[in-house]
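Asker: only geometry, no sequence info:
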Ligand SMILES: Cc1cc2nc3c(=O)[nH]c(=O)nc-3n(C[C@H](O)[C@H](O)[C@H](O)COP(=O)(O)O)c2cc1C
């Protein structure tokens, strides 16, 4: 791992416009800060992604939030009107019986001139084969060392490793970041982004210490001023603790971490009682989750959130958040941690 903290980091004013933490990730992806906003269904839209890009971090539009490839092209264009900084598209590959038209979405990404893609879900072999030759850099997000090694072997440029703490799909192995991050960084040659449970500078510095070269955050960015969801949902995140999530769909091998509410409890109970997917299909429907974000009624459906909500205490702008994290990370490295070696 190569991480350098420039001397400019000591006792300065906010550093949003200044690159102070340099890793192979920041170099390879051309961003100022080693911070990623991962794909978020219904949330990863132009407003949020452009704000992340303008703050010097790497944001991802969520491909499947756009109903058609043509809509994705328009959303990419809309993002470009809001920023001239690099951003990417999240390409989530779902285990569905009737898959979305992935090849057409992929063509839309290429035709729009996008050069960074975050893949997630199934191994993206055919997509890597199509995207790499046209110069697209790929971060594959996964939840185990074996999947990370496989992704490296098919030629992705970096891996995001999602610990058990994360929002959305933590996999079925239940290994938390404290073990999963170093277990991955000691096996991979390409840069590793630590994901899951990270919401502040302490998480960033810890991730760097564990060998990662950047962090990926979902929950923290979900609760920012530019996040395009109802304010009541953001207030609910601020009020919630790290204990207020549920793991749903576990008996079906599709574990998903969501905010604990009346619907998530009902889903857990029905499957615990021997129910099948048909018994919970309506409860977990994407349209219900989407309406939570639109109406602010947090009990309308299931919606993804991670344990890191226990570390979220405010609703800053993205620029405030990124500069705060970088500033405090530099202070921790050059201050508290450096002081330990001087004793
Ligand atoms: C509301 C929400 C929706 C998400 N949707 C997706 C998605 O569609 N595709 C994906 O790859 N990851 C998705 N994620 C996962 C994030 O990209 C990221 O990996 C995860 O949130 C990291 O854990 P953290 O929430 O503890 O930061 C979602 C996360 C949240 C909070």
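Answerer: Nice, I can see it. All values reported here derive from a predicted model rather than from experimental measurement.

Asker: residues in this protein within reach of the ligand, list them.
Answerer: 38-41, 43, 62, 90, 92, 120, 141, 162, 165-168, 195-198, 216-220, 222, 304-306, 308 (C-beta under 6 Å from any ligand atom). Glycine gets a C-beta too; all of them are placed from N, C-alpha and C.

Asker: now, which of those lie within strands?
Answerer: 62, 90, 92, 120, 141, 162, 195, 216-217 (DSSP state E).

Asker: could these go into a markdown table alongside pLDDT and neighbour count?
Answerer: Formatted as a markdown table, those follow (pLDDT from 0 to 100; neighbours: other C-beta atoms under 10 Å):
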| residue | pLDDT | neighbour count |
| --- | --- | --- |
| 62 | 98 | 24 |
| 90 | 98 | 24 |
| 92 | 98 | 21 |
| 120 | 98 | 23 |
| 141 | 98 | 31 |
| 162 | 98 | 28 |
| 195 | 98 | 32 |
| 216 | 99 | 27 |
| 217 | 99 | 28 |
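
Asker: Now name the helix or strand holding residue 50.
Answerer: Secondary structure from DSSP states H and E places residue 50 in helix 46-54.

Asker: Next, give me the two most distant ones among the ones in strands among the residues of the chain next to the ligand.
Answerer: 92 and 217 (16.8 Å; C-beta to C-beta).

Asker: still on that earlier bit, now the helix holding residue 50: average pLDDT?
Answerer: Mean pLDDT, helix 46-54: 98.

Asker: circling back to that earlier point, from the ones in strands among the residues of the chain next to the ligand, which single one is nearest the ligand?
Answerer: Minimum distance to the ligand across these is 3.2 Å, recorded for residue 120 (C-beta to the nearest ligand atom).

Asker: From residue 287, how far out is the closest residue to the closest one other than its chain neighbours?
Answerer: Using C-beta to C-beta, 6 or more residues apart in numbering and skipping the chain neighbours, the partner closest in space to residue 120 is residue 141 (4.2 Å). The gap separating residue 141 from residue 287 is 25 Å, by C-beta to C-beta, to the nearest Å.

Asker: same check, this time on residue 187
Answerer: In this view, residue 187 and residue 287 are 40 Å apart by C-beta to C-beta.

Asker: which one of those two has more residues nearby?
Answerer: Taking neighbours as other C-beta atoms under 10 Å, residue 187 and residue 287 compare with residue 187 leading, 13 against 9.

Asker: residues touching that one, list them.
Answerer: 145, 148-149 (C-beta atoms under 8 Å, 6 or more residues apart in numbering).

Asker: what's the distance between stretch 277-285 and the middle of its chain?
Answerer: 25 Å (C-alpha atoms, centre = their mean, to the nearest Å).

Asker: Over to stretch 196-213?
Answerer: Worked out by C-alpha atoms, centre = their mean, stretch 196-213 lies 13 Å from the chain centre.

Asker: Tell me the confidence at residue 240?
Answerer: 98.

Asker: Could you check how many residues crowd around the nearest residue in space to it that is not next to it in sequence?
Answerer: Closest residue to residue 240 apart from its sequence neighbours, by C-beta to C-beta, 6+ apart: residue 309 at 4.9 Å. Neighbour count of residue 309, defined by other C-beta under 10 Å: 25.

Asker: and what of residue 123?
Answerer: With other C-beta under 10 Å as criterion, residue 123 counts 17.

Asker: Secondary structure element holding it?
Answerer: Short version, using DSSP H and E: residue 123 is in no helix or strand.

Asker: what's the answer for the one 4 residues further on, then?
Answerer: Here residue 127 sits within helix 125-131, counting by DSSP H and E.

Asker: Give me the mean pLDDT for that helix.
Answerer: What helix 125-131 shows for mean pLDDT is 98.

Asker: List the contacts of that helix.
Answerer: 91, 93, 102, 106, 109-110, 117, 119, 138, 154-156.

Asker: now, which of these sits nearest residue 80?
Answerer: For the contacts of helix 125-131, the nearest to residue 80 is residue 109 (13.5 Å; C-beta to C-beta).

Asker: Please read off the pLDDT at that closest one from the model.
Answerer: In the predicted model, residue 109 carries a pLDDT score of 98.
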